[in-house]
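>>> Using only what follows, build the 3D model:
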Amino acid sequence: MSIDVDKRLKEHNTGKTKSTKGFRPWVIILIEEYPDRITARKREKYLKTGYGKQWLKNKYRQVP
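Model (predicted):
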């Protein structure tokens with residue numbers, strides 16, 4: 001969750017975010033906008049659950 005998506009991605013890819021450091025490089029597959037921080041945080045928490053991850057995999061599956 002970030003106001004500046006490009007800056008946040010750069011932080012992930014340069015290793016400044018400890019929790020994502022070992023999984024580089026990161027690429028953006030989805031950007032969503034929400035009217036407030038609470039709604040955005042609820043969506044982010046869902047996408048980090050097993051169901052949310054499965055939804056992302058199904059929606060953005062790369063077809064050869």
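>>> burial measure for Leu9, as a count.
Burial of Leu9 is recorded as 15 neighbouring residues (other Cβ atoms under 10 Å). (C-beta placed from N, C-alpha, C; glycine too.)
>>> I figured it hits Ile28, correct?
Yes: counting by Cβ atoms under 8 Å, Ile28 is a contact partner of Leu9 at 6.1 Å.
>>> Report the buried residues of the helix or strand where Lys10 lies.
Under the criterion of DSSP states H and E, Lys10 resides in helix 5-13. Neighbour-count burial for helix 5-13, counted by 16 or more other Cβ atoms under 10 Å, picks out Arg8, His12.
>>> as a whole number, average confidence for whatever helix or strand comes next after it?
Counting by DSSP H and E, the element after helix 5-13 in chain order, helix or strand, is helix 37-47. The average pLDDT for helix 37-47 rounds to 97.
>>> CA atoms of helix 37-47 as CSV?
Once non-C-alpha atoms are left out, helix 37-47 reads as follows in CSV (Å, rounded to 0.1, in the frame of the first residue of the first chain):
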residue,chain,number,x,y,z
ARG,A,37,-6.6,4.1,3.8
ILE,A,38,-8.9,1.7,5.8
THR,A,39,-10.5,0.3,2.6
ALA,A,40,-7.1,0.0,0.9
ARG,A,41,-5.7,-1.8,3.9
LYS,A,42,-8.6,-4.3,4.0
ARG,A,43,-8.0,-5.1,0.3
GLU,A,44,-4.3,-5.5,0.9
LYS,A,45,-4.8,-7.9,3.8
TYR,A,46,-7.2,-10.0,1.7
LEU,A,47,-4.7,-10.2,-1.2
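>>> Beyond that helix, next helix or strand please.
Downstream of helix 37-47 (by DSSP H and E), the next one is helix 50-59.
>>> what does that following helix rub up against?
Applying Cβ atoms under 8 Å, 6 or more residues apart in numbering, the contact partners of helix 50-59 are Ile29, Leu30, Tyr46, Leu47.
>>> so where's the protein shaky on pLDDT?
Low-confidence segments of the chain, defined by pLDDT under 70: 63-64.
>>> Just the residues contacting the helix holding Lys10, thanks.
Here helix 5-13 makes contact (Cβ under 8 Å, 6+ apart) with Ser2, Thr17, Thr20, Arg24, Pro25, Trp26, Ile28, Ile31.
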